[in-house]
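Chemist: coordinates only, no sequence provided:
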């Protein structure tokens, strides 16, 4: 037994050392990919410079609204409440799961002609408003791509909030 | 017996060290991209982009709107469809031959696919174009058209299409169609 003791110790310690070194790296990676705080549909959540609430996330078949066949237009309506009188500068993206990972879409800069943001709503997340305001934006996605979709709102790359 | 074992083990270790030394990848290979070989008309998946190369042509001039772009060599023009996989991303195109690389032209402004972004699952069609010496065509060289999401794809996936320039005739001019959503690819259920 004494003869095999060092070999057994080596066989145990070597994998443990490898695992430990990988685990330290994994924690760094996991920190970078940490899940953002979330707020359920209709509930407000803090995103650093105010609160945001997802009021509605409507999926419209593209060909019903002048978008190309094979696409959907996802229309998100949010309520933003700035924390200060200086307004908010933020951006929103649409995220949705897919078999190859989570997909993300920026707001469609050229929405279809038949889509129009109502006059009483803002078309951008950023505003110099000092009081609560509502905004609406649209995302073009492939047909069926917005299943289980959520909105992520960031304040100039600092805070992130997921609205589900 | 024990002495012979020690000698044999020592020789084996030295041989293993020589083998490791001889097969250690150089800096270029350690950071080389992962290549997905493409063929015309077939969608090639990569980590960030799905790419379908459609056609490749060679021409003396490029027609873009009212403009006719000339070059001191010839134009190699590839038509392709590409969509992002998960995140909106740019499309980078490079032509590789004999250890040299030619960047896609920026002379066409926003008319080429590499001038903008593509979104996940929304295939965009367009062209990328390169100015290359005419000798490459005359000598019938095989070039590689590389499509990637980044201009320096280290340890990342790229899509390579090998093109035998000798098999392509030199046309007088190729018209650049501009970029746009590929509705046919969408309708057939891209990718």
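Modeler: In hand now; what should we look at? All of these numbers come straight from a predicted model, not from anything done at the bench.
Chemist: look up which residues are beta-bridged to the residue nearest the centre of chain B.
Modeler: Chain B has residue B:146 as the residue nearest its centroid, 0.6 Å off, counting by Cα atoms, centre = their mean. Taking DSSP bridges as the rule, residue B:146 bridges to residue B:94, residue B:160.
Chemist: let's see the pLDDT reported for it.
Modeler: On pLDDT, residue B:146 comes in at 98.
Chemist: tell me the contacts of it?
Modeler: Counting by Cβ atoms under 8 Å, 6 or more residues apart in numbering or on different chains, residue B:146 makes contact with B:93-96, B:158-161. Glycine gets a C-beta too; all of them are placed from N, C-alpha and C.
Chemist: residue B:161 is in contact with residue B:36, correct?
Modeler: No: contact between residue B:36 and residue B:161 fails when scored by Cβ atoms under 8 Å: they sit 10.0 Å apart.
Chemist: so which elements touch the helix or strand hosting residue A:16?
Modeler: Take DSSP states H and E as the rule and residue A:16 turns out to sit in helix A:5-32. Counting contacts by 3 or more Cβ pairs under 8 Å, 6 or more residues apart in numbering or on different chains; DSSP states H and E, helix A:5-32 is packed against no other helix or strand.
Chemist: next SSE downstream of it?
Modeler: Helix A:5-32 is succeeded, C-terminally, by strand A:38-39 (DSSP H and E).
Chemist: rounded mean pLDDT for the following helix or strand past that following strand, please.
Modeler: Counting by DSSP H and E, the element after strand A:38-39 in chain order, helix or strand, is strand A:44-46. Across strand A:44-46, pLDDT averages out at 95.
Chemist: from the chain's centroid, how far away is strand A:44-46?
Modeler: 14 Å (Cα atoms, centre = their mean, to the nearest Å).
Chemist: partner strands of it and their direction?
Modeler: Partner strands and pairing direction for strand A:44-46 (DSSP bridges) are strand A:50-61 (antiparallel).
Chemist: got the contact list for the strand it pairs with?
Modeler: Against strand A:50-61 from outside (Cβ under 8 Å, 6+ apart): A:39, A:41-45, A:72-84, A:88, A:90, A:134, A:143, A:146, A:149-151, A:153, A:155, A:161, A:163-164.
Chemist: wait, does the helix or strand that it is followed by contact chain B?
Modeler: The helix or strand immediately downstream of strand A:50-61 is strand A:71-82, counting by DSSP H and E. Yes: Strand A:71-82 reaches chain B (Cβ under 8 Å from any Cβ of the partner chain) through residue A:71.
Chemist: circling back: select only the buried ones of the contacts of residue B:146 in ChimeraX?
Modeler: ChimeraX command restricting the contacts of residue B:146 to the buried ones, with burial defined by 16 or more other Cβ atoms under 10 Å in any protein chain shown:
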select /B:93,94,95,158,159,160,161
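Chemist: fine by me, thanks again.
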